[in-house]
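Student: turn this into a structure:
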Amino acid sequence: MQEKEIKEFVKNRYSKIAKKENSSCSCCSVTDSVTEQAQAVGYSTKELKSIPEEALFGLGCGNPTALAEIQKGETVLDLGSGGGIDVFLAANKVGDEGKVIGVDMTPDMVATSIKNAKNGGYRNVEFRLGEIENLPIEESTIDVIISNCVINLTPDKNKAYYEVYQVLKPGGRILVSDLVTEGPVPNEIRKNFRAWSECVGGAIEKNDYLNTIKKTGFKDVEILEQHFFTEINMDERIIGKITSIQLKAVK
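Tutor: Residues are numbered from 1 along each chain as shown. Sure, this is the predicted structure:
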């Protein structure tokens, strides 16, 4: 499988999600309801009511803003920001003195999140079109980076974490929710475009994932929460082999 082909397939699927052309929109879904899915992975009812409803697509496998200890005045970057759910939650935390930037490679998602920000009256957020492997962000400008079930979609995770490291300020931190594997995954799934777009095909072994972050230069790499991941119509061959993790690390 070629990196370009994977990205085009993933981008096409998420464009359909942004335009609500895909009724089964979640790569990490445990329920048909996007609100119930968000609650299932850690978002509270209070949090969901505090942001535009149109920002919910049911696309996460955790709630990184709950564990990132975001402070007022900080600059936060959300990788793969989708409809903006985590950007808006982070914006409520950083206040008027801070700023939150969302980056997504899908033009339709960026357009949707910009619309959601305008409708919600957010003045401390910005959305940019770009890829995680080539972030449209200046070096050493970000205090906190969050990401929710997105880095598993990137074919080159080494390059992705290199970019993440470069844009963080010294002492900056990351809080990432993602899917990893524990045990072998059939090559048939690894080579399936739809499996990639559903966050499973590109998931790598947990220890390899953690070592990728450490080799980039991050310190204090720690898994804060983890649990076995299941989704609707999950292939029985990978049941019990996919884990949802929430990890923290410091530059």
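Student: tell me where the stretch 151-251 of the chain has strands.
Tutor: 168-181, 219-228, 242-250 (DSSP state E, counting those that start in this stretch).
Student: which elements pack onto the shortest one?
Tutor: What that stands for is strand 242-250. Contact here means 3 or more C-beta pairs under 8 Å, 6 or more residues apart in numbering; DSSP states H and E; on that basis strand 242-250 packs against helix 64-67, strand 168-181, helix 206-216, strand 219-228. (Each C-beta comes from the backbone N, C-alpha and C, glycine too.)
Student: same thing but at 10 Å, please
Tutor: The criterion is 3 or more C-beta pairs under 10 Å, 6 or more residues apart in numbering; DSSP states H and E, and the helices and strands that strand 242-250 contacts are helix 64-67, helix 157-167, strand 168-181, helix 206-216, strand 219-228.
Student: can you redo the ones you listed as TSV with mean neighbour count, mean pLDDT and distance to K19?
Tutor: As requested, the helices and strands packed on strand 242-250 are exported to TSV (neighbours: other C-beta atoms under 10 Å; pLDDT from 0 to 100; distance: least, C-beta to C-beta, whole Å):
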stretch	mean neighbour count	mean pLDDT	distance to K19
helix 64-67	24	88	25
helix 157-167	20	98	26
strand 168-181	21	97	25
helix 206-216	16	98	32
strand 219-228	13	95	32
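Student: export those to a markdown table and tack on distance to I238?
Tutor: Putting these into a markdown table (distance: least, C-beta to C-beta, whole Å) gives the following:
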| stretch | distance to I238 |
| --- | --- |
| helix 64-67 | 24 |
| helix 157-167 | 19 |
| strand 168-181 | 8 |
| helix 206-216 | 14 |
| strand 219-228 | 11 |
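Student: quick one: closest of the ones you listed to G95.
Tutor: The closest approach between G95 and any of the helices and strands packed on strand 242-250, judged by C-beta to C-beta, belongs to helix 64-67 at 13.9 Å.
Student: residue contacts, G130?
Tutor: G130 makes contacts with 79, 103-105, 110, 136-137, 163, as judged by C-beta atoms under 10 Å, 6 or more residues apart in numbering.
Student: next one: phi and psi at it?
Tutor: Dihedral pair for G130: phi 180, psi 170, per degrees, to the nearest 10.
Student: use 333 as the first number from now on
Tutor: All set: I'll call the first residue 333, so the last point we hit is now G462.
Student: distance check, it against T407.
Tutor: G462 is 16 Å from T407, where distance means C-beta to C-beta, to the nearest Å.
Student: ditto for E465
Tutor: Separation of E465 from T407 (C-beta to C-beta) stands at 21 Å.
Student: phi, psi of the residue nearest to the spatial centre of the chain?
Tutor: With distances taken as C-alpha atoms, centre = their mean, the residue of the chain nearest its centroid is N480 (2.5 Å). Per-residue torsions, N480: phi -130, psi 100 (degrees, to the nearest 10).
Student: and the pLDDT at it?
Tutor: Confidence per residue is given as pLDDT, and for N480 that number is 94.
Student: show me what it is bridged to.
Tutor: The partner list for N480 in beta bridges (DSSP bridges) reads S509.
Student: ok, the residue nearest to G394 when sequence neighbours are not counted - contacts?
Tutor: Spatially, and ignoring its direct neighbours in sequence, G394 is nearest to S509 (2.8 Å; C-beta to C-beta, 6 or more residues apart in numbering). Contacts of S509 were listed using C-beta under 10 Å, 6+ apart, and they are 360, 373-374, 392-399, 418, 478-483, 556-557, 576-579.
Student: now the buried members of the residues you listed.
Tutor: Neighbour counting over those (16 or more other C-beta atoms under 10 Å) leaves 360, 373-374, 392-399, 418, 478-483, 576-579 as the buried ones.
Student: one step back: wait, the residue nearest to the centre of the chain sits on A422?
Tutor: No. Taking C-beta atoms under 10 Å as the definition, N480 is not a contact partner of A422, at 11.1 Å.
Student: good, wrapping up.
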